[in-house]
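Peer 1: need a 3D model of the following:
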Amino acid sequence: RGGEALEQARKIDTIILDKTGTLTRGKPQVTTIVPAAGYDEATVLQLAAAAEVGSEHPLGEAIVARARELGLELPAVHAFESITGRGISARIDGHDVLLGNRALMDQRGVTSDQLTEQAGELARDGATPMYVTVDGQAAGLIAVADTLRPESHEAIQQLEALGLDVWMLTGDNSATAQAIARQVGIDHVLAEVLPEQKAEKITALQAEGKVVAMVGDGINDAPALAQADLGVAIGTGTDVAMAASDITLIGGDLRSIVTAIGLSRKTVSTIKQGLFWAFAYNVLLVPVAMGVLYPFFGVLLSPVLAAAAMAMSSVSVVTNALRLRGFKPPMNAEAILHPPLAERVREYAYLVAIAIIALGIGAASLAFAQPDHALMGRSSDTQAGDAHGSDQSPPAALSAAQAGVSVDLAAPPSPLTNTPIRLSYRLSAGGAPLTDVVVSHEQEMHLIVVRQDLAQFQHVHPSRTANPGQYQVDVTFSEPGTYVLYDEFTRSNGQDVVQRNELVVGAASGRANLAEDRTPKTPSNDARVSLVGADGLRAGQAASLTFRIDNPQTGQGVSDLRPYLGAPAHVVILNETATDFAHTHGEAVGAVGHGTGGDARGDHGAADVTYGPEITFHHTFAAPGLYKVWGQFLDHHGQVVTADFVVRVDQ
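Peer 2: Numbering: from 1, shown residues only. Here you go, the predicted model:
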C-alpha cells in the first residue's frame, strides 16, 4: 500500500496465519458421515444440507455441495438462524434441527456423548466435526476437512528461517487445529477463536512487546488485519480483507510473504548503505576541501575534482539501489539460513569495489590537485586584502535587461498619498513566468522606495502570489512626489537583478539638492548613529565606512543589536539624481553568539547573535559627487532603526 508498509515488513517478529483460506485452500469437503442410532447417512446429510442452504459459510457450502452430488432432495426450511462462531439452527418439516460444534451443543443442553469419542478421532485427523441434532436429540456427525495448500509447509519453514514466531489462528476445536498445525510444522496455535476475538488475540501479543503481522483472506479477518502492525491479505480472498491490509499477495502462494519480508529487509539495507556512502564522502572530503591537509602537506582539493567526487557519491548510491532490480526470493529455508557463497561474495564484492574506486578518486584528487605555487602567491596577496574586506565591494547587480528578464510593474493610474497602494510585479523570461527566484536575506524580493529628492525612504518586501512569477506589496506614501522604486531579487543561477521604476504620487517632485551631512543621527531613544571613515572618499577607489551606534542617554556603545534580515545592517546608497543605486550589507565587528561560546561573525542570521557598537560596510563610488547613505539596524526591542547621511566623493 506504500513505502511505510514495505519498511514495516522488516520489523515484524511474529506472524499469525488464519487457517481457512490461508494455510488451506478454503474449499472444504465432506469426508465422513457418522449417523446416530435411528438415522442413516443420507438422512443426516439431507437434514444438514437443507439447514445450510441459507448459509454462506465454507463448511456449509461443502455440505450442500455433497448432498447435491448424491442427488438428495432437500426439504424446505421454515426458519433459519446463524449462531456466530458455533453453527446454525433451522425448522425443517416441523422439526428443530441444530448443526454446529460442541460449544453449540453444550449451549443448547444437547447430550451427544455417544458421538464425542468419534468426533475427537475425526478432529485428531484434521477434520472439523459438526454435530447434527433433531428436536434436541443427537442425529449424527458430519466431518468436513479443508486440504492444505501444497506450499504451506515450505512457507512455514521459510518464515521460521527468517527468525519469526509463527502462529496459527482458527475457530476450529483444539484437536483439529493441532492436527493441521502438525501437518505444516506450526508450534503455536490459537484455536476455538470466535471472529470477534481475532483482533483481541493480536492485541494480547502486541501487549507482550511483539511486532505482529496478520495474514488472512476473509471478511472476519478484516479487524485483525487492521489491528496488526502489518496486515497481509491473500489476493484470492475478499475485497474487505484486501482493503484492510497493508500488503496484498498476488495469488494465494504464502511464500510471497517471505518475498515481501526479504525485499523489505534488502531495501532498507540498501537505503542504509546509500546513507553511509553519502555521509562518508562528505565526512572525508569536505574537510580536505576546507584545507585541513594544507598545513601539513600543502594539499588543496580542486573544485572540479571535488565535484567529480560528489558525482561519484551519487553514482555509487544510485547504482547500489539499482541492484534491487535483480532481487530474487529465496528458493527455500536453507537458502535463507545459509545463503550461497556466490551470493555473499557478489554482495560484498560490489561494496568493496565501490570503496576502492572511491579511494582511487580520492587519491587522484590529492595527486592532481597540488596547488600552483605561483598562482598561490597571487591568491594569497589577494586574500590578504580580502581578509578585512577593506578594498572589496560587493559585485554589482544586473539590470533586468542585462539579465535577460522582464520585470513589469502594475500600479493604480493616479495613486494618492496616505492610502495603501497595491504594487504588483510580474517577472518573466522568454514569455514564461520567472519562477527561479530564491530567498536572499530572508526574503525573495526587496523593494527600496525613495522620493526623487531623497527625502523619503522605505524598505519593503513584495510577497509571492498564487500566480507564478507575480509578487505584490502595499505601500503608503505619506507625501506627494515622484518616487523611485528599486526592485531587487536573486535567481537560482546566482544573478542579482535590479529593476528601476518611477511612480508619481499626487504631484511630481524634482531631484535632490543635497549638502554634505555627517552629523550623528538619533532615530530612537536607544540609538545614536554616527558614520566614521567618510573623509577623503575617492571615485573608483574601494572605501570602508563604519557605523557607530551609541546610547544617546549614557553615551555607551550599543552592543545588543540583532540580525536584520540576515545581516548586521542593510545599507542603501544613491547619488543625487537617484540613478546610481547600491544595496549592500554591513559586517559586524566583534559579534557575539550567546550560548555558543564562540565568535559568531559568520552566522549573521542566527537568532542568538548580537552586534555593535560598530558595523562596517564597503563600497566603491563610481563617480564624484554627493551620495545619500541609509543604514538600517534592528535594536534589542526588535524595532528597525534607520539613519541617513550625505557624503562627498572627490575625483
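Peer 1: so what does G506 look like in phi/psi?
Peer 2: Main-chain torsions, G506, degrees, to the nearest 10: phi 80, psi -70.
Peer 1: any idea how far it lies from L447?
Peer 2: Distance, G506 to L447, using C-beta to C-beta, to the nearest Å: 20 Å. Every C-beta, even on glycine, is put in place using the N, C-alpha and C of the backbone.
Peer 1: those two - which one has more neighbours?
Peer 2: Each of G506 and L447 had its neighbours counted (other C-beta atoms under 10 Å), and the higher figure belongs to L447 (22 against 15).
Peer 1: quickly list what S524 is bridged to.
Peer 2: Taking DSSP bridges as the rule, S524 bridges to A527.
Peer 1: and Q178, how many neighbours?
Peer 2: Using other C-beta under 10 Å, Q178 has 18 neighbouring residues.
Peer 1: quick one: list the elements packing against the helix or strand it falls within.
Peer 2: For Q178, the enclosing helix or strand under DSSP states H and E is helix 174-184. Here helix 174-184 touches helix 113-124, helix 152-161, strand 165-169, strand 188-190, going by 3 or more C-beta pairs under 8 Å, 6 or more residues apart in numbering; DSSP states H and E.
Peer 1: if we use 6 Å, what do you get?
Peer 2: Applying 3 or more C-beta pairs under 6 Å, 6 or more residues apart in numbering; DSSP states H and E, one finds that helix 174-184 contacts helix 113-124, helix 152-161, strand 188-190.
Peer 1: highest average neighbour count across those?
Peer 2: Burial of the helices and strands packed on helix 174-184 is given as mean neighbour count (mean count of other C-beta atoms under 10 Å); helix 152-161 ranks first at a mean of 21.
Peer 1: how about the helices and strands packed on helix 174-184, which one is nearest Q452?
Peer 2: Minimum separation from Q452 across these (C-beta to C-beta) falls at helix 152-161, 81.7 Å.
Peer 1: what does G136 show for phi and psi?
Peer 2: G136 adopts backbone torsions of phi 80, psi 0, taken as degrees, to the nearest 10.
Peer 1: contacts only, for it.
Peer 2: For G136, the contacting residues are V110, by C-beta atoms under 6 Å, 6 or more residues apart in numbering.
Peer 1: where does it land on pLDDT?
Peer 2: Per-residue confidence (pLDDT) for G136: 88.
Peer 1: can you check the one 5 residues further on too?
Peer 2: At L141 the predicted local confidence, pLDDT, stands at 93.
Peer 1: and P420, by the same measure?
Peer 2: At P420, pLDDT is 95.
Peer 1: spatially nearest residue to it, not counting backbone neighbours?
Peer 2: The shortest distance from P420 to any non-neighbouring residue, by C-beta to C-beta, 6 or more residues apart in numbering, is to D474 (4.2 Å).
Peer 1: wait, the one you found sits on S424?
Peer 2: No: the pair D474 / S424 is not scored as a contact, 10.3 Å apart, by C-beta atoms under 6 Å.
Peer 1: those two: which is more packed in?
Peer 2: A count of neighbours by other C-beta under 10 Å puts S424 above the other of D474 and S424, at 15 against 11.
Peer 1: buried residues of stretch 68-88, list them for me.
Peer 2: Buried residues in stretch 68-88, counted by 16 or more other C-beta atoms under 10 Å: L72, L74, V77, F80, S82, I83, G85, R86, G87, I88.
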